[in-house]
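Visitor: This is a predicted model, with the sequence first.
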Amino acid sequence: EADIYQTPRYLVIGTGKKITLECSQTMGHDKMYWYQQDPGMELHLIHYSYGVNSTEKGDLSSESTVSRIRTEHFPLTLESARPSHTSQYLCASSRGREARDEQYFGPGTRLTVT
Amino acid sequence: QKEVEQDPGPLSVPEGAIVSLNCTYSNSAFQYFMWYRQYSRKGPELLMYTYSSGNKEDGRFTAQVDKSSKYISLFIRDSQPSDSATYLCAMPWIPYNNNDMRFGAGTRLTVKP
C-alpha cells in the first residue's frame, strides 16, 4: 500500500469558508499532484510540483492554490469555497521523470460545499 | 473530442467470466499505456503498463495495445469478486515527462459471486 495520506477524508463546509486539504507522503518523492475526480468523468490535473518551492497549474482551471515547502507535504487551499468546488480531490506522488513512473495516490478527500 | 475515451459502464459479470475493458484515444503521440484500478473509497493504483503495440500478460490480466486503431484493452480472465473496482486507462501526454497524464473516465466493474 502506498505511503501517501490525505486528510480529512470527508468534509462538508459552507459557502465562503476557507479550507485546506492536506496531503503527505513518506516515500521521498519529488513529484506531487492534485487531481479532481467527478463521477463518470476523467481525472483532471489541477496542480503539480516537481519539488520544494516548485508548483504549477494543471490543465483544469482551478481557484485553489498549493504550496510545497517540504518534500513530503503538498497542501491545497481554497480561499472561499463554493458549491462548484464540490468534488473528490486526489493527491498523488511519483518517484522520477520517466513517463512510465507509477503515480501513487492517496485515498482522496470528498468535499461537499453547501 | 476527448483525447481518451472510456465507456464508464457500469459493467456487471458473473464470477469466472472473461472481462474486456477498452479505451480509445485520439493522439498518436501517446506511447505508454497504463491501467489503474480504483477500489471504492480508495485512490487509483497502477495495475499494468505497456509500451508500444502488442500484448502484455500478468497473471489473469492481459493488456493489449493496437496503435494503428488507437485502441487499448484490458482483459481479465477468470474474474473474481475481488476484481470489482473502477478501471481507468491512462496515457502520459509527453514521453519522459508524466506531469501531464491523460486519464479515461474509468469503467466500473462488478463481478457477482
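Guide: Sure thing, it's come through.
Visitor: mind listing what's buried in the longest strand along chain B?
Guide: Longest strand in chain B, counting residues (DSSP state E): strand B:85-94. Residues of strand B:85-94 classed as buried by neighbour count (16 or more other CB atoms under 10 Å in any protein chain shown): B:85-93. Glycine gets a C-beta too; all of them are placed from N, C-alpha and C.
Visitor: Equivalent analysis for stretch B:10-24, please.
Guide: B:13, B:19, B:21-24.
Visitor: Could you tell me the end-to-end distance of that stretch?
Guide: With CA to CA, to the nearest Å applied, stretch B:10-24 spans 17 Å between its terminal residues.
Visitor: Likewise for stretch A:49-68?
Guide: End-to-end distance of stretch A:49-68 (CA to CA): 7 Å.
Visitor: can you check stretch A:49-57 too?
Guide: 9 Å.
Visitor: Can you list the neighbours in contact with it?
Guide: With contact meaning CB atoms under 8 Å, 6 or more residues apart in numbering or on different chains, stretch A:49-57 is reached by A:30-33, A:46-48, A:66-71, A:74, B:99.
Visitor: Hmm, residue B:3 is touching residue B:26, no?
Guide: Yes - counting by CB atoms under 8 Å, residue B:3 touches residue B:26, with 5.4 Å between them.
Visitor: give me every residue that touches the nearest residue to residue A:14 once chain neighbours are set aside.
Guide: Distances taken as CB to CB, 6 or more residues apart in numbering or on different chains place residue A:114 nearest to residue A:14, at 5.6 Å, with adjacent residues excluded. For residue A:114, the contacting residues are A:12-15, A:83, by CB under 8 Å, 6+ apart.
Visitor: try 10 Å this time
Guide: By CB atoms under 10 Å, 6 or more residues apart in numbering or on different chains, the contact set of residue A:114 is A:12-15, A:17, A:81, A:83, A:86.
Visitor: so which two of those residues are the farthest from each other?
Guide: Distance extremes for those: the farthest pair is A:17 and A:86 at 12.9 Å, using CB to CB.
Visitor: Mutual contacts of those two, please.
Guide: A:113-114.
Visitor: what bridges to residue A:12?
Guide: Using DSSP bridges, the bridge partners assigned to residue A:12 are residue A:112.
Visitor: from memory it sits against residue A:86, does it?
Guide: Yes - between residue A:12 and residue A:86 a contact is recorded at 9.5 Å, counting by CB atoms under 10 Å.
Visitor: Looking only at neighbour counts, state which of those two leads.
Guide: Neighbour comparison, residue A:12 and residue A:86: the larger count goes to residue A:86, with 15 against 11 (by other CB atoms under 10 Å in any protein chain shown).
Visitor: Quick check: residue B:64 vs chain A, distance?
Guide: Applying CB to the nearest CB, to the nearest Å, the value for residue B:64 to chain A is 17 Å.
Visitor: dump the residue contacts of whatever residue of chain A ends up closest to chain B.
Guide: Closest residue of chain A to chain B, CB to the nearest CB: residue A:105 (2.9 Å). Taking CB under 10 Å, 6+ apart as the criterion, residue A:105 is in contact with A:2, A:4, A:6, A:33, A:35, A:37, A:43, A:90-93, B:36, B:38, B:42-46.
Visitor: Partner strands of the longest strand of chain B and their direction?
Guide: By DSSP bridges, strand B:85-94 pairs with strand B:32-38 (antiparallel), strand B:97-103 (antiparallel), strand B:107-112 (antiparallel).
Visitor: Show me what secondary structure element comes after the first one.
Guide: This points to strand B:32-38. strand B:45-51 (DSSP states H and E).
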